[in-house]
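*Asks:* Predicted structure and sequence below. I'll ask about it afterward.
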Amino acid sequence: MAVRKMSRSVSVIGVGATKFGDPADTPELVDLCFQDLAAWAAFDAMDDAGVNARDIGKLSVAATCGPLYLNETMAANNGLLEMLGMSGKASSFHSEGCAAGFIAFNECVDAVASGRVDIAIALVAEHSRWITAPDMPSCYRWPNTEYKNLYGRDFYAASKAFDCAYSRWNGSWIIGNDSPSRAYTRKTGITNDELEDAMIGQSITAREHSVRHPIAYAQETWEEVAKKRGLSSAEEFMRSPYNPKLSEYMRPAYCALQNDGAAAIIVCATEIADQFKQKPVEIVNIVQVDMSSGSSINVKSKMTQLAAIEIYNITGYKPEDIDLLEIGDHGLADELQGAEDVGYLPQGEGWKYFRDRRTRFDKDKPINTCGSSLGVGHAFGAPDLVYIREITLQTRGQAGERQMPTPPKVSLLRGIGANQSCTMAIFKAVD
C-alpha cells in the first residue's frame, strides 16, 4: 500500500477535560449532569486553543449509554449546541460503547480533512454512577440502584452491549480480560507468575503517572496504599488479600477504575493553526478497524494488528519512529499485548519492560503517561480523548510532573472500545 495523505493536513489545537472520579468521593463532580460535564470539558478546550465557539464548524458528541443517562434523549447534541454557543452549526451524536470518543474524534478529523469545516470539536461526557428517569429532564438524576423503580425492569447491563444476531456473545468482562492474558502466556511461554510480575510493574507505573496527573481519579501510589495497610511495599500489597484474585489472572489493581468524567479535543486545518494560542500537533493520519466482538475471543489483538499494518503503510512511519504510545485499555494484559501488536515493544519481550518499569514517562519506552484506565479511570468513552489530550500535552512540553524528559516528536494512539472497534493514529510535532 502506498503512502497516503489526507486531503489536507489536520492538527490538534485545543484540549480539555474535567476531573475524573465518582461523585460520591470527588467533590468537583457533585451535582453535575451530562451537560454540565460536557460544557466543562468543551470550554476548557476552547480556552486552551483560544477559539471562540462561533468559529467551530462541527460538534461531534459521544456518550456510551446515552438513553440511560440522558432521559432517553434521541439527540443530545442539539441541546449542547445551545449550551456551548454553537447553535446553527453541524453536529452529531455517537454511542459506540467505549469507542465512542475515538469515533467522534475520527469524524472531526474527517470533517476538517475533507474541507467541509475548518475547525471541529470532539466531545465525550459520561456519568454512569447516576441515571435519569424516562419522564423527567436529564438534569434530574437518581442513583443507578434506582433503575428498576424508574424503568420497571432489571438493568439490561451486558445483555444489550452487543448484538449477537449474527455472531456470539463472548462473555463477561472477566473473560474479556483473561483471554489476552492466556493468549500471551501461550504465545511467549512465560509462566503465570512472570505475567503477574509484569502486571505488578505496570500497575505501579500507572499509579506513578496518575498521581502526577491532576485530572486523574487515583491520587495515591501503590506504595502509599501499602503503607496505610501496614505492608512493606507495593509488591507485597499486590499479592496480598487486599488485592485478591478475581479470576485466573485478574486482580482489582490490574483493572480499570469505573468512574465519571468528560474530555474534548479541538482540531483544525493545519494551514490556519498558527492563528490560535497553542503550538499545533499534527495528525499524520488515522485509521479505524472494526470487527464483531464475537468473531474471536482475542479480537482486540486482531484489530490492533490490522490497524497497525494499515497506519504504518499509509504514513510510511515504522514502530521504531514512535517516541510515545498511548494505548486505550481495559486491563493490563490488553495493554501489554497491544504494545507488542503495534511493534512498540519487542514480540515476546514486552512483559519484561512492564516488569522493569521501563514504560514510565522518564524511561526509554513510555506508555500511557496519562495514567490510563487504572489511574484516570474508565468513564466509558470519555478517557478516549484523554489519551489524545496526553499526546498533545507531552508534545507541547506541558505535561507537568509527568513530562517526558524529551518531548515526543512522533506518538502513536491505539484506541479500543467495546471489544469491537480500534482507532489508530500517528501524531507529530509541528516544526
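*Replies:* Yep, that arrived. Residues are numbered from 1 along each chain as shown.
*Asks:* This structure: strands as residue ranges?
*Replies:* Applying DSSP state E to the chain gives strands spanning 10-17, 58-62, 90-94, 119-126, 130-131, 142-143, 261-269, 281-290, 324-327, 410-417, 421-429.
*Asks:* and Asn52, which of those strands is closest to it?
*Replies:* strand 119-126 (9.7 Å; CB to CB). The way it works is simple: take the backbone N, C-alpha and C, and place the C-beta from them, glycine included.
*Asks:* Using PDB, write down the CA coordinates of the closest one.
*Replies:* Extracted C-alpha coordinates of strand 119-126, given in PDB (Å, rounded to 0.1, in the frame of the first residue of the first chain):
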ATOM      1  CA  ILE A 119     -12.400  23.700  12.900                       C
ATOM      2  CA  ALA A 120     -14.200  20.800  14.700                       C
ATOM      3  CA  ILE A 121     -14.600  19.700  18.300                       C
ATOM      4  CA  ALA A 122     -15.000  16.100  19.600                       C
ATOM      5  CA  LEU A 123     -16.700  15.900  23.000                       C
ATOM      6  CA  VAL A 124     -17.400  13.000  25.300                       C
ATOM      7  CA  ALA A 125     -19.100  13.000  28.700                       C
ATOM      8  CA  GLU A 126     -20.100  10.100  30.900                       C
END
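*Asks:* possible to save the strands of the chain as CSV with mean pLDDT and mean neighbour count?
*Replies:* Putting these into CSV (pLDDT from 0 to 100; neighbours: other CB atoms under 10 Å) gives the following:
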stretch, mean pLDDT, mean neighbour count
strand 10-17, 98, 27
strand 58-62, 96, 27
strand 90-94, 94, 19
strand 119-126, 96, 30
strand 130-131, 83, 22
strand 142-143, 85, 12
strand 261-269, 98, 30
strand 281-290, 97, 21
strand 324-327, 98, 25
strand 410-417, 95, 26
strand 421-429, 97, 24
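*Asks:* Redo those as a markdown table? Include distance to Ala104.
*Replies:* Shown next, in a markdown table, are the strands of the chain (distance: least, CB to CB, whole Å):
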| stretch | distance to Ala104 |
| --- | --- |
| strand 10-17 | 14 |
| strand 58-62 | 4 |
| strand 90-94 | 5 |
| strand 119-126 | 4 |
| strand 130-131 | 22 |
| strand 142-143 | 27 |
| strand 261-269 | 9 |
| strand 281-290 | 12 |
| strand 324-327 | 17 |
| strand 410-417 | 11 |
| strand 421-429 | 10 |
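*Asks:* Compare those and give me the one nearest Ala165.
*Replies:* The nearest among the strands of the chain, by CB to CB, is strand 281-290 at 16.2 Å.
*Asks:* Let me see the contact set for the residue found closest to Asp197 once you drop the neighbours it is linked to in the chain.
*Replies:* Once flanking residues are discounted, Asp197 sits nearest to Arg355: 4.6 Å by CB to CB, 6 or more residues apart in numbering. Residues counted as contacts of Arg355 (CB atoms under 8 Å, 6 or more residues apart in numbering) are Glu194, Asp197, Ala198, Ile200, Gly201.
*Asks:* Name the nearest residue to the fourth one, ignoring sequence neighbours.
*Replies:* Residue nearest to Ile200 in three dimensions, not counting chain neighbours: Met238, with 4.6 Å by CB to CB, 6+ apart.
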